[in-house]
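Visitor: dropping a prediction and its sequence here:
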Amino acid sequence: MELNGGMESSNNNITINPKRRRVGLIYDERMCKHHTPVEEGHPEQPDRIRFIWDALSSSGIANRCVIVNAKEAADNHLALVHTKNHIDLIKNISSKNSESRRKRIAAKFNSIYFNEGSSEAAYLAAGCVIEVAERVAKGELDSAFAIVRPPGHHAEETEPMGFCLFNNVAIAASFLLNERSEFGIKKILVVDWDVHHGNGTQKMFYNDSRVLFFSVHRHEFGGFYPCGDDGSHIMTGEGQGAGYNINVPWENGRCGDADYLAVWDHILIPVAKEFNPDLIIISAGFDAAIGDPLGGCRVSPYGYSIMLNKLLEFAGGKIVMALEGGYNLNALRNSAKACVEVLLQDKPIIGSLEAYPFESTWRVIQEVRQVLSTYWPILVPKIPDKVISKRTSHIEISSSDSDGEQENISLTVSEEVQTIEDVIQPFKNLKVNEAGQDQGGIAAPPSWRSELSNIDIWYATFGSNMNMSRFRCYIEGGQAEGMKRPCVGSMDKSKPKEIKWKTFPHRLFFGRERTATWGPGGVAFLHPKSDVKERTYMCLYKITLEQFNDVLLQENVSSYNLNHPLFDLTALQTIQNEQCISVEFVQRGWYHNVVYLGKENDIPILTMTCTLSDVDSFISGEFAINPPCKEYANTLIKGLVQGKQLSLEEAEAYIQESSTKAL
């Protein structure tokens, strides 16, 4: 039965309340049958849509909307963007006769799980977005929100990816453009405000001028999921679609309302006016919301309300929202509820902005405008200095082996004057020739690099870096088995000059609740104070002091390079007397305490760990003592075995004892 909120019905005659916009809601509990087959929690869980639906129902908002019955997508509609093999895979996956077989198939893909409810949920998610998109296009609804899962914007033509099975938004857009031309929808604006780049949607319309694809996302120069260059601002479309692909890639996390609204005002809204879409589809991920465990950004429900309200100016308010990500259930519920209230347009939006955009935001906006100005002349004029001067200085601190996504800490200072010079630059923007001169206007490396490249140290590792393949990620870039995200690597990608193993009289233990690199579980820490009763196996890599600086940075901060060294020659001399130095710039990281362990062949031995005060916090319970996850533990064990320090059984016992022995 289809319920018609906001309508009066008698003998099948429907009278529309002229004061209320007809906002469609579509939801089906059957989409909750798709869930991870293992016991442990997964961020893309059924409660994501239940929380939204329950909030809209209990608040009375659903009663003011048009409730639309869910429908499964037809294969020929899925085939508008997906291959037959892809469709057949998703159609048949739930009928596989064993969970283990589904798990083996899922393991072939990037961040995917399957269970007995996956096929039905995927067909419903795609079908629901098609259904409400068709009704909005026909004029039966003014706008609509499809409360669906699994999400879709990562799914590509040939394979599922990133929790996404079918690309729901791309299917609906292609359906209207190619199968329902009678509705007069010739131009569609797709706005993807999910914190992750919509790689799948981008590729499906990269050569199509009928779709203006706009994505604002955390990118970190290709280091943030889905990783790589697809989300770069230079990806502007090809052929007929040249200029119709717009990426706004955040350099860092912590971006909030002011940052997003600056992008709206200075990129999206001007281009949307020129494009003049017939309909807007929003890939409405809410993982950029405050408190989201995967996003690390700070958009409020008020921020989402304003972004959506600005889009209502276009296409006669014909907007279809399709749920993508969002993994903090409370933030997801509140943000979605705020958006539906905006679509209803029957109450004022209440809130205020108390901050300015980050300086990195203005830098990104200017870069995007410059590369797109060839296609959109409205972006040619420069943003006035008086606007750009209102910004916030931002240094983001996150630990590579820490939960950088959940415990990012930002040092911010609001300014209305010229800000200090940037402290950090992306590694991937630095390209130098053999003579060390700049290429293409890009600055040559700072002079400290050449100086410290001539100084050798031993870097003593006690955690995952004991595994050579893992440590090489910090030098060469990339990711080893079990890692959830890649490293950018060092400027000098030379392999260690020598490798040794030694034991030291220090305590190894494991703490913290989860990490961005490894997922749930603790990571290794070395008690900075020596104890003759303890023994820790450590792998020593002979590297340069320049490389040590890059490793130290990556252990505490994600994918950035410095204009000045974190640990210079003066620090190297000082530490031999003081035994340890807490590196000021990365003091919010988990491994900012550099500890001196003596010398080997007259070369200093250095490691990095927590401070004594952090140890006290572990003992008091302020910081969690926690055993490592299986993938992390296996990496340590593999390093110990391949280093011929312990047998497999001995290595497992060593890690087990270190994980359970009280501090």
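Guide: Sure thing, it's come through.

Visitor: and the helices in the stretch 401-550 of the chain, which stretches?
Guide: Secondary structure of the stretch 401-550 of the chain (DSSP state H, counting those that start in this stretch): helices located at 447-452, 468-476, 545-556.

Visitor: out of those helices, nearest to residue 630?
Guide: helix 468-476 (15.0 Å; C-beta to C-beta). Yep, even glycine has a C-beta here, placed from its N, CA and C like the rest.

Visitor: if we can go back for a sec, pick the most deeply packed of the helices of the stretch 401-550 of the chain.
Guide: With neighbours taken as mean count of other C-beta atoms under 10 Å, those reach their highest mean count in helix 545-556, at a mean of 24.

Visitor: and the angle from that helix to helix 468-476?
Guide: Helix 545-556 runs at 110 degrees relative to helix 468-476, counting by axes from the mean of the first three to the mean of the last three C-alpha atoms, to 10 degrees.

Visitor: tell me what helix 545-556 is packed against?
Guide: helix 447-452, strand 456-461, helix 468-476, strand 561-562, strand 603-609 (3 or more C-beta pairs under 8 Å, 6 or more residues apart in numbering; DSSP states H and E).

Visitor: now the strands for the stretch 201-350 of the chain?
Guide: For the stretch 201-350 of the chain, the strands defined by DSSP state E, counting those that start in this stretch cover 211-218, 245-250, 279-284, 319-323.

Visitor: in TSV: those strands, plus distance to residue 636 and mean neighbour count.
Guide: What follows is these, written out as TSV (distance: least, C-beta to C-beta, whole Å; neighbours: other C-beta atoms under 10 Å):
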stretch	distance to residue 636	mean neighbour count
strand 211-218	29	27
strand 245-250	33	26
strand 279-284	39	27
strand 319-323	39	29
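
Visitor: right, so of those, which gets closest to residue 129?
Guide: That would be strand 319-323 among those, by C-beta to C-beta, at 4.7 Å.

Visitor: parallel or antiparallel, which strands does that closest one pair with?
Guide: strand 143-146 (parallel), strand 279-284 (parallel) (DSSP bridges).

Visitor: mean confidence score for that strand?
Guide: Strand 319-323 comes out with an average pLDDT of 98.

Visitor: for it, give me every contacting residue.
Guide: Residues outside strand 319-323 that contact it (C-beta atoms under 8 Å, 6 or more residues apart in numbering): 48-49, 52, 129, 132-133, 136, 143-149, 151-152, 168-169, 172, 279-286, 308, 311-312, 336, 339, 343.

Visitor: pull out the buried members of these.
Guide: Neighbour counting with 16 or more other C-beta atoms under 10 Å marks 48-49, 52, 129, 132-133, 136, 143-149, 151-152, 168-169, 172, 279-286, 308, 311-312, 336, 339, 343 as buried within those.

Visitor: so which of the strands of the stretch 201-350 of the chain comes closest to residue 96?
Guide: Using C-beta to C-beta, the nearest of the strands of the stretch 201-350 of the chain to residue 96 is strand 319-323, at 26.7 Å.

Visitor: just how off-centre is that closest one within its chain?
Guide: Between the centre of strand 319-323 and the centre of its host chain there is 21 Å, according to C-alpha atoms, centre = their mean, to the nearest Å.

Visitor: keeping just the C-alphas, turn it into PDB.
Guide: Output in PDB follows, covering the C-alpha atoms of strand 319-323 (Å, rounded to 0.1, in the frame of the first residue of the first chain):
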ATOM      1  CA  ILE A 319      16.100  17.000  -6.200                       C
ATOM      2  CA  VAL A 320      16.600  13.300  -5.600                       C
ATOM      3  CA  MET A 321      18.700  12.400  -2.600                       C
ATOM      4  CA  ALA A 322      20.200   8.800  -2.500                       C
ATOM      5  CA  LEU A 323      21.900   7.700   0.700                       C
END
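
Visitor: and for residue 573, the neighbour number?
Guide: 10 (other C-beta atoms under 10 Å).

Visitor: now do the closest residue to residue 208 other than its chain neighbours, the pLDDT please.
Guide: Excluding the flanking residues, the one nearest residue 208 by C-beta to C-beta, 6 or more residues apart in numbering is residue 241, at 5.0 Å. You'll see residue 241 listed with a pLDDT of 98.

Visitor: can you check residue 421 too?
Guide: Value for residue 421, per-residue pLDDT: 24.

Visitor: what's around residue 43, how many residues?
Guide: 15.

Visitor: how close does it get to residue 218?
Guide: 15 Å (C-beta to C-beta, to the nearest Å).

Visitor: quick one, strands of the stretch 551-663 of the chain?
Guide: Using DSSP E, counting those that start in this stretch, the strands of the stretch 551-663 of the chain run over 561-562, 580-582, 593-600, 603-609.

Visitor: hang on, the earlier thing: would JSON lines of the helices and strands packed on helix 545-556 with distance to residue 104 be doable?
Guide: Below are the helices and strands packed on helix 545-556 laid out as JSON lines (distance: least, C-beta to C-beta, whole Å):
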{"stretch": "helix 447-452", "distance to residue 104": "46"}
{"stretch": "strand 456-461", "distance to residue 104": "33"}
{"stretch": "helix 468-476", "distance to residue 104": "24"}
{"stretch": "strand 561-562", "distance to residue 104": "40"}
{"stretch": "strand 603-609", "distance to residue 104": "38"}
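
Visitor: follow-up on the earlier one: which of the strands of the stretch 551-663 of the chain sits closest to residue 468?
Guide: It's strand 603-609; of the strands of the stretch 551-663 of the chain, that one is closest to residue 468 (C-beta to C-beta) at 16.7 Å.

Visitor: sheet partners, orientation included, of the closest one?
Guide: strand 456-461 (parallel), strand 593-600 (antiparallel).

Visitor: give me whichever of these is most buried.
Guide: strand 456-461 (a mean of 24).

Visitor: tell me the mean pLDDT over that strand?
Guide: Mean predicted confidence for strand 456-461 is 97.

Visitor: so who does the residue lying closest to residue 544 once chain neighbours are set aside touch?
Guide: Spatial nearest neighbour of residue 544, excluding adjacent residues (C-beta to C-beta, 6+ apart): residue 453 at 5.0 Å. By C-beta under 8 Å, 6+ apart, the contact list for residue 453 reads 492, 544-546.

Visitor: for those residues, give me TSV that also has pLDDT.
Guide: Putting these into TSV (pLDDT from 0 to 100) gives the following:
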residue	pLDDT
492	90
544	96
545	96
546	94
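
Visitor: my guess is residue 159 contacts residue 82, does it?
Guide: No: with contacts counted by C-beta atoms under 8 Å, residue 159 stays clear of residue 82, the gap being 9.1 Å.

Visitor: pick out whichever of the two has more residues nearby.
Guide: Neighbour totals were compared for residue 159 and residue 82, and residue 82 leads with 29 against 19 (other C-beta under 10 Å).

Visitor: and the more buried one, how far from residue 59?
Guide: The value you get for residue 82 to residue 59, if C-beta to C-beta is used, is 36 Å.

Visitor: would you mark the buried spots in stretch 134-144?
Guide: By neighbour count on 16+ other C-beta under 10 Å, the buried set for stretch 134-144 is 134-137, 141-144.

Visitor: so which bits of stretch 286-299 are buried?
Guide: 286-290, 292-299.

Visitor: that older thread, closest one of the contacts of residue 453 to residue 115?
Guide: residue 492 (46.2 Å).

Visitor: distance check, that closest one against residue 453.
Guide: Distance from residue 492 to residue 453, by C-beta to C-beta: 6 Å.

Visitor: need the overlap of contacts for the two.
Guide: Taking C-beta under 8 Å, 6+ apart as the criterion, residue 492 and residue 453 both touch 544, 546.

Visitor: which among the strands of the stretch 201-350 of the chain is found nearest to residue 361?
Guide: Nearest of these (C-beta to C-beta): strand 245-250, 7.5 Å.

Visitor: helices or strands next to that closest one in the packing?
Guide: Packing contacts for strand 245-250, counted by 3+ C-beta pairs under 8 Å, 6+ apart, involve strand 211-218, helix 359-372.
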